[in-house]
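Trainee: The sequence and its predicted three-dimensional model are supplied below.
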Amino acid sequence: MKASKNARLKIAFALTVDSAKELLAILEPYSSATELSVSLSDGSTVYPSTLEEMARLPNPDNRRIVSLEVKNKWDDLVRAEINFDSENRYHSIGYSLRGEDADVLVLERNLIDWAQTIKQRHSWISFTSTASFFAFAIAFLGGSAFGIFPRYFASAVAPKIPNASGVFSIVGLILQWAALSAGWMRTKLFPSGMFAIGAGKQRIQSLHDRRKRLSLLSIGLALVIGLVNAWIRKLVGL
């Protein structure tokens, strides 16, 4: 019995040449040949004849790899089309399979298991969703409220702490900034897809370094806020 399956995965991926070889090995029992199609950021598309040829792509910033399509022939045992898109904020991997029902089920299971090997830990934050939209909206509205009515919140929450209204104003600005810049930060720090080919390897390393610096900065800021808070509480005798 013939069957088909189309699906999309919300997986932030880092695709290397070795992981691409593993993908082709999964497709090999069902394919007579596979084709590669690579879309670049300057709008052009190249068609490497082999993975080795794809591995030699320079992948510079001005002509970086944006997406990759892997497919086999229409008359193969299972017709497969697999797409990797590093700029899609709703899903990063899509696949279409068509063949005998049993073969489609087995190949899909193998593809999903393989996709877990290229999945990045930040997958949960890389994609736009209804939940994230409402979370950012609440953060912005909460920040706006702190900024507009700082004295009200200060008198209600911390009436004995001097300059509490100023603290609420600062917190409000931080929440507003975080909510407004969330999309930019998600794109720059937690991309939905990365291609570790050519200059892409250095970009991935630079991304890891930026995250480390941000983590250290966040820890340092938290320590400073904690020390200032402890100092204020000691000052007013709380």
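Mentor: Okay, I see it. Residues are numbered from 1 along each chain as shown.
Trainee: which residue ranges form the strands in the protein?
Mentor: Residue ranges of the strands in the chain, as given by DSSP state E, are 2-9, 13-15, 34-40, 45-46, 65-72, 78-85, 93-100, 193-195.
Trainee: Out of the ones you listed, which is closest to residue 148?
Mentor: Counting by CB to CB, residue 148 lies closest to strand 193-195 out of those; the figure is 39.6 Å. For the C-beta atoms, the positions are set from N, CA and C on the backbone; glycine is no exception.
Trainee: Show me the contact partners of that closest one.
Mentor: The contact list for strand 193-195 (CB atoms under 8 Å, 6 or more residues apart in numbering) reads 12-15, 59, 64-65, 68, 84-88, 92, 120, 200, 203-204, 207.
Trainee: hmm, which of these are the buried ones?
Mentor: Buried residues within these, defined by neighbour count using 16 or more other CB atoms under 10 Å: 12-15, 59, 64-65, 68, 84-86, 88, 92, 120, 200, 203-204, 207.
Trainee: any idea of the pLDDT on residue 24?
Mentor: Here the pLDDT value assigned to residue 24 is 96.
Trainee: Neighbours of it, how many?
Mentor: For residue 24, the tally of surrounding residues (other CB atoms under 10 Å) stands at 15.
Trainee: Am I right that it is in contact with residue 34?
Mentor: Yes: using CB atoms under 8 Å, residue 24 is in contact with residue 34, at 5.8 Å.
Trainee: What are the structural domain limits within this protein?
Mentor: 2-123, 128-177 (automatic domain parsing).
Trainee: and these as CSV, adding distance to residue 216?
Mentor: As requested, the domains of the chain are arranged in CSV below (distance: least, CB to CB, whole Å):
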stretch, distance to residue 216
domain 2-123, 17
domain 128-177, 18
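Trainee: least reliable of the ones you listed going by mean pLDDT?
Mentor: Among these, domain 128-177 has the lowest mean pLDDT, at a mean of 68.
Trainee: Quick check: residue 110 touching residue 26?
Mentor: Yes: with contact defined as CB under 8 Å, residue 110 and residue 26 form a contacting pair (4.9 Å).
Trainee: Tabulate the strands of the chain (a markdown table), appending distance to residue 155.
Mentor: As requested, the strands of the chain are exported to a markdown table (distance: least, CB to CB, whole Å):
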| stretch | distance to residue 155 |
| --- | --- |
| strand 2-9 | 50 |
| strand 13-15 | 50 |
| strand 34-40 | 57 |
| strand 45-46 | 62 |
| strand 65-72 | 53 |
| strand 78-85 | 51 |
| strand 93-100 | 52 |
| strand 193-195 | 49 |
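Trainee: now the helices: where do they sit in this protein?
Mentor: Assigned by DSSP state H, the helices in the chain fall at 17-27, 51-55, 101-117, 130-148, 150-157, 164-189, 200-236.
Trainee: Spit out the contact partners of residue 81.
Mentor: For residue 81, the contact set (CB under 8 Å, 6+ apart) comprises 69, 70, 71, 95, 96.
Trainee: can you count the residues close to the first one?
Mentor: In terms of burial, residue 69 registers 17 neighbours under the definition other CB under 10 Å.
Trainee: Now do the contacts for it.
Mentor: Residue 69 is in contact with 36, 37, 38, 39, 81, 82, 83, 84, counting by CB under 8 Å, 6+ apart.
Trainee: change it to 7 Å
Mentor: Contact partners of residue 69, counting by CB atoms under 7 Å, 6 or more residues apart in numbering, are 37, 81, 83.
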